[in-house]
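In: With the input below, show me the fold.
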Amino acid sequence: MPDNTDLCSAEYENQRLQALADYQILDTPEESAFGDIVEVASLICEAPVALISFVDRNRQWFKSEKGLGMCETPLDVSICAHAILQPGLFIVPDTTRDPRFANNPLVTGEPHLRFYAGALLESHDGYPLGTLCVLDYRPRELTERQCFALQALANQVMAHLELMQAHREQAELIRELEATRQELAKRAATDPLTGLLNRRAFEQRLNQELALVRRGAPPASLMLIDLDHFKTVNDTLGHQAGDEVIVRFTELCREVFRQADVIGRWGGEEFVVMLPRASVAEAQHAAERLHQLLATTPMLEDTSSPLHITASIGICSLIGSENLDECVHRTDELLYQAKEHGRNRTVCEP
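Out: Sure thing, here's the model as predicted:
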């Protein structure tokens with residue numbers, strides 16, 4: 001129990017209640033592990049009533065009970081509320097002879113409780129949380145062996161609470177580690193500026209699609225895009241403006257391409273798009289929509305005049321008999337032809 005603390009102070013009570021809340025035990029369903037402890041306490045102490053009781057702000061709540069027939073009572077009729085104010089066992093041989101409990105409605109009326117013995121349930125940092133208690137309908141005492149057993153069982157209650165708390169903390173740690181792992185995997189697979197797949201991650205996805213095509217999946221298309229004269233943007237407006245253009249172009253790509261299409265940043269001002277279940281003709285229609293959007297959408301608006309850019313695009317179909325390098329090489333040759341023929345155009349394989 002914390003030293004030099006007024007056990008009746010509001011500050012101490014708030015700390016105690018927080019310690020109780022940290023165990024996340026209140027209002028939880030019945031559990032056999034606690035029910036077994038109550039049964040053993042009742043058997044060893046030869047008591048018809050046994051409880052695992054936690055003292056909350058305005059009530060005492062029973063995690064497990066035998067013989068009482070209720071799951072909680074108001075705090076003002078709680079004998080356990082007195083028991084947690086002192087260490088060790090709290091024993092009341094005859095409640096009718098104790099002025100603290102003689103007028104208690106559970107003593108004067110049903111179920112006419114006459115005997116109480118409670119072993120303290122104490123948190124690892126010393127706060128009293130409640131008791132493991134046994135009660136009887138007649139005045140009596142506990143033997144020395146029964147007292148020892150009751151305290152030992154109370155220790156088992158706390159050991160189980162600590163284990164449950166450790167499991168929750170472990171589960172939370174595992175969730176945090178998994179979230180971190182997923183975040184690291186995402187960072188390893190995405191381009192930090194655009195959030196698109198980076199080259200390595202795109203190659204992995206492209207290899208998966210090639211494998212599907214080899215097994216008879218519908219055709220897919222590959223598109224390689226290069227922003228025309230992008231170096232001029234960097235040279236005249238600076239690299240920050242160039243980054244803004246790259247980000248804006250990425251946004252346009254997300255508007256044009258389907259959710260199923262896979263967009264990646266191939267490097268610098270080059271982008272790559274894989275279109276599953278799409279013919280070259282269908283991919284060409286998407287490329288034309290991109291050209292039209294570029295023609296009407298300024299990439300930068302805070303310059304002396306709105307900046308527009310164009311793009312050169314090469315498109316080929318994915319052939320299952322080819323490997324990744326061969327598919328990319330064919331698409332790159334088509335992109336080169338688009339540049340050679342004046343840029344701002346799309347060249348598709350025949």
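
In: contacting residues around the residue with the largest distance to the centre of the chain?
Out: Using Cα atoms, centre = their mean, the residue of the chain lying farthest from its centre is Arg97. It sits 54.5 Å away. Neighbouring residues of Arg97 by Cβ atoms under 8 Å, 6 or more residues apart in numbering: Pro139. Yep, even glycine has a C-beta here, placed from its N, CA and C like the rest.

In: and the gap between it and Arg138?
Out: Distance, Arg97 to Arg138, by Cβ to Cβ, to the nearest Å: 13 Å.

In: and the residue farthest from the centre of the chain, what are its phi and psi?
Out: Dihedral pair for Arg97: phi -100, psi 0, per degrees, to the nearest 10.

In: residues touching Asn207, list them.
Out: Counting by Cβ under 8 Å, 6+ apart, Asn207 has contacts Leu324.

In: part of a strand, is it?
Out: No - the assignment for Asn207 (DSSP: H, G, I helix; E, B strand; the rest coil) gives helix, which keeps it out of a strand.

In: Give me the secondary structure label for the residue lying closest to Thr297 once chain neighbours are set aside.
Out: Sequence neighbours aside, Leu252 is the residue nearest to Thr297 in space, at 6.3 Å (criterion: Cβ to Cβ, 6 or more residues apart in numbering). Leu252 falls in the helix class when you classify it by three-state DSSP.

In: which residues of the stretch 151-300 of the chain fall in strands?
Out: Under the criterion DSSP state E, counting those that start in this stretch, the stretch 151-300 of the chain contains strands at 221-227, 262-267, 270-275.

In: One more: the stretch 1-150 of the chain?
Out: Under DSSP E, counting those that start in this stretch, the stretch 1-150 of the chain gives strands at 49-55, 59-66, 72-74, 89-92, 115-122, 128-136.

In: just so I know, which of those lies nearest Leu222?
Out: strand 59-66 (62.5 Å; Cβ to Cβ).

In: Next, the angle from the closest one to strand 115-122.
Out: With axes from the mean of the first three to the mean of the last three Cα atoms, to 10 degrees defining the directions, strand 59-66 sits at 110 degrees from strand 115-122.

In: Strand 59-66: partners in the sheet, and parallel or antiparallel?
Out: If you go by DSSP bridges, strand 59-66 pairs up with strand 49-55 (antiparallel), strand 72-74 (antiparallel).

In: now the angle between strand 128-136 and it, please.
Out: Using the same axes, to 10 degrees: strand 59-66 against strand 128-136 is 50 degrees.

In: ok, and what's touching strand 59-66?
Out: So strand 59-66 is contacted by 25-28, 30-31, 34-35, 37-39, 42, 48-54, 68, 70-75, 78, 80-81, 130 (Cβ under 8 Å, 6+ apart).
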